[in-house]
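Peer 1: Let me see the structure of the following:
(chains A, B, C and D)
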Protein chains: 2
Amino acid sequence: MATTLRDIARKAGVHPSTVSRILHNNQTVKISDATRKRILAIAKELDYQPNELARAFRLRKTQTIGLIIPDISNSFFSGISRSIEMSSYNAGYNLVVCNTNENIEKELKYVRNLVNRGVDGLIIATCQNNEKHLLDLREKKIPFVLIDRYFSNFKANAVFSDNKSSAFDAVKTLHKLKHERIAFLRGRPEISTIQLRLQGYLEGLAACGIAQDPELIAGKSFTAEDGYEATKMLLSLASPPTALLTSGNRIIIGALKAIKEFNIKLPDELSIIAYTDDLFTPFLACPLTTISHPLSEMGQKAVDLLLHEINNTNDNATTQIEVKTIFSMRESICELTTCRKTENV
Amino acid sequence: MATTLRDIARKAGVHPSTVSRILHNNQTVKISDATRKRILAIAKELDYQPNELARAFRLRKTQTIGLIIPDISNSFFSGISRSIEMSSYNAGYNLVVCNTNENIEKELKYVRNLVNRGVDGLIIATCQNNEKHLLDLREKKIPFVLIDRYFSNFKANAVFSDNKSSAFDAVKTLHKLKHERIAFLRGRPEISTIQLRLQGYLEGLAACGIAQDPELIAGKSFTAEDGYEATKMLLSLASPPTALLTSGNRIIIGALKAIKEFNIKLPDELSIIAYTDDLFTPFLACPLTTISHPLSEMGQKAVDLLLHEINNTNDNATTQIEVKTIFSMRESICELTTCRKTENV
DNA sequence: CTGTTAGCGCCTTCAC
DNA sequence: GTGAAGGCGCTAACAG
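Peer 2: Take a look at the predicted model:
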């Protein structure tokens, strides 16, 4: 059996609560130096390790944060997770990671589970379209922060990026290069991130005087498979797009596969701007022009926000933090007319 | 306050232990159907959620697994982590993820921390060169499984890949293509994975009748920066390598950067086989010939092993599981003479 | 400055 | 079949 406060107390001839005060309370003032030193020595001698489970139970504080994300193997979320874990660790918190696989039922289960286990707070990249678990958290006064995705009809602490303006800018950039058939490979339409990008995309088209074409908005999930199928569909259109804006680290993988199969030459026959965070993008056959995220910053800010909330329970205000994406111009976009010329050589 | 067993008991006019038996014990036999139904109805009505913290404390069983890895944002570990988390979840366990950043001190701290929090078992990709925490775990009879890396002088449950033979085969493959100046960009030399790959590399050279050249064994960490510096060094040698074998998802990123800067043409001027698990590799300027890992399988097997250990505490045997890496032939390797000819066109 | 008391929510043993 | 008692390890109140 591990040594307990009782063991130390017995050996020192004092009461367990005295030992507790010395080893866990920072009200240093109230205890005589003599006993303090004696207790600390005995604790060291017996290699006392506090039973954190008992403390958590007693204190109603687990020093644990729950992180709920769709998929830790996606570099977007793994990058954020790393930052969240490190910030948490520095603040003395452990991190429980949960993959929902974009399944809201699983998300609901996970939240309940984590609450029952007494996490001090949660960071959630929600699967969206259901917020009852968040209402429940609020009612129970359990702090949480949304990351990447949020609810427009439900104010909550959140960290997200400039989805609308980045998509808007992407369209304008492509239009400056004379593109008018610009497709958007969006991903899951339910996600706020995607809705905002779509809005930015549509407003971008409008600002450039380009008519919307519903055919050019494709895809319904974030998988490589969906990216592949959607891209094949787009490339098979009577009037295929000359430029592509893609959402998500996986979709672009599928898109590249389809493009390879169709033997489309990048960027001459197709310009691409991709939302992606992979480190390999500069070294691709056609180095992708990308919109990437400040992943460390996002994670860090989410933890800061959550810890603030945990330590100021009476504070009812919510904070929304928008971070700036990074546009990296590389070789996957080029001017349309030039391209066509190249094509005819 | 959340409803407790007591609340239900009071409302039903029974003793809390009865409620406990109904809601948490599977000895279904001993309770009358009438009270059972009544209790279940009241539990539902009051939305009873067990305080898992109290249960864990009482039962000395947290239904939690600790995962200690160098870096969750590395796709090798994030791929494994995803699999581990999903397998754990299916078995009713939560997963606490910890990044050591290849720092053994942090690893030691994390293990102590997780033990104090009462995790039921650990999965560890160790930073190596210190096993005292593992001895401690064994003494405390806390199950653990090593993943990817293990200790040759210390038998323990472990899941790893065929490092030696895969490196051996890589050298033979390159030698068949007439390469003799084969460099090994290894990563952290302390890691068992790397030592085995080095052994395979050296034995491969020997089997091919190629003399070892210490200059061709380069690198000392798994970072992109180190891969970059080491590659620059190799390319600056009086007699530079004609082929490269690289370890780890990050090193190759740095290597590619250096290669680009040196304006080296792949594969004509340099053949590469890379240990990497990134999904983008097929779409690179020069699609990399890779050795990748069955990440899902590795995670799943580690969890299976750990759960077996957790459920059979008296079983003192250890199990080592070796999984097969996947060799994917792509375009980053070619025959040396052919290359030289191409070069002279 | 330190001891005493009580209890967090749950489960297990022992009664009846 | 169900109730009563006791305690996991720790800490917060209240004494003195």
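Peer 1: Quick one: the strands in chain A, in order.
Peer 2: Here chain A has its strands, by DSSP state E, at A:64-69, A:94-99, A:121-124, A:144-147, A:158-161, A:182-185, A:217-218, A:243-246, A:271-275, A:289-292, A:320-323, A:326-328.
Peer 1: got a markdown table for those strands, with mean neighbour count and mean pLDDT too?
Peer 2: C-betas here are computed from N, CA, C, even on glycine. A markdown table is the format used below for the strands of chain A (neighbours: other CB atoms under 10 Å in any protein chain shown; pLDDT from 0 to 100):
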| stretch | mean neighbour count | mean pLDDT |
| --- | --- | --- |
| strand A:64-69 | 26 | 98 |
| strand A:94-99 | 24 | 98 |
| strand A:121-124 | 25 | 98 |
| strand A:144-147 | 27 | 98 |
| strand A:158-161 | 24 | 98 |
| strand A:182-185 | 26 | 98 |
| strand A:217-218 | 20 | 98 |
| strand A:243-246 | 28 | 98 |
| strand A:271-275 | 27 | 98 |
| strand A:289-292 | 23 | 98 |
| strand A:320-323 | 14 | 98 |
| strand A:326-328 | 14 | 98 |
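Peer 1: Which pLDDT does the model give the residue of the stretch 151-300 of chain A found nearest DNA strand D?
Peer 2: Nearest residue of the stretch 151-300 of chain A to DNA strand D: residue A:157, at 26.7 Å (CB to the nearest atom of the strand). On pLDDT, residue A:157 comes in at 97.
Peer 1: same thing with residue A:38?
Peer 2: Note for residue A:38: predicted pLDDT of 91.
Peer 1: Contacts only, for the closest residue in space to the residue of the stretch 151-300 of chain A closest to DNA strand D that isn't next to it in sequence.
Peer 2: Spatial nearest neighbour of residue A:157, chain neighbours left out: residue A:145 (4.4 Å); criterion: CB to CB, 6 or more residues apart in numbering or on different chains. Contacts for residue A:145 (CB atoms under 8 Å, 6 or more residues apart in numbering or on different chains) come out as A:121-124, A:156-159, A:302, A:305-306, A:309.
Peer 1: For the closest residue to DNA strand C within the stretch 51-200 of chain A, grab the count of nearby residues.
Peer 2: Nearest to DNA strand C, among the residues of the stretch 51-200 of chain A, is residue A:58, at 3.9 Å (CB to the nearest atom of the strand). Neighbour count for residue A:58, taken as other CB atoms under 10 Å in any protein chain shown: 11.
Peer 1: One more: the one 5 residues further on?
Peer 2: When neighbours are defined as other CB under 10 Å, residue A:63 has 18 of them.
Peer 1: Surely it is in contact with residue A:121?
Peer 2: No - with contact defined as CB atoms under 8 Å, residue A:63 does not count as touching residue A:121 (10.5 Å).
Peer 1: Look at residue A:54 and report its pLDDT.
Peer 2: For residue A:54, the model assigns a pLDDT of 97.
Peer 1: Next one: it from residue B:117, what distance?
Peer 2: For residue A:54, the distance to residue B:117 equals 11 Å [CB to CB, to the nearest Å].
Peer 1: more neighbours, the two?
Peer 2: The residue with more neighbours, out of residue A:54 and residue B:117, is residue B:117; 22 against 14, by other CB under 10 Å.
Peer 1: residues in contact with that one?
Peer 2: Counting by CB under 8 Å, 6+ apart, residue B:117 has contacts A:52-53, A:56, A:94, B:62, B:64, B:96.
Peer 1: Could you dump the strands of chain A into TSV and include distance to residue A:283?
Peer 2: What follows is the strands of chain A, written out as TSV (distance: least, CB to CB, whole Å):
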stretch	distance to residue A:283
strand A:64-69	27
strand A:94-99	28
strand A:121-124	32
strand A:144-147	29
strand A:158-161	24
strand A:182-185	22
strand A:217-218	27
strand A:243-246	18
strand A:271-275	14
strand A:289-292	12
strand A:320-323	26
strand A:326-328	13
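Peer 1: Could I get those strands in a markdown table, plus columns for distance to DNA strand C?
Peer 2: Conversion of the strands of chain A to a markdown table gives the following (distance: least, CB to the nearest atom of the strand, whole Å):
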| stretch | distance to DNA strand C |
| --- | --- |
| strand A:64-69 | 17 |
| strand A:94-99 | 20 |
| strand A:121-124 | 19 |
| strand A:144-147 | 21 |
| strand A:158-161 | 31 |
| strand A:182-185 | 48 |
| strand A:217-218 | 49 |
| strand A:243-246 | 48 |
| strand A:271-275 | 45 |
| strand A:289-292 | 45 |
| strand A:320-323 | 34 |
| strand A:326-328 | 47 |
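Peer 1: Get me the contact residues on the stretch 51-200 of chain A for DNA strand C.
Peer 2: Taking CB under 7 Å from any atom of the strand, the part of the stretch 51-200 of chain A that reaches DNA strand C is made up of A:57-58.
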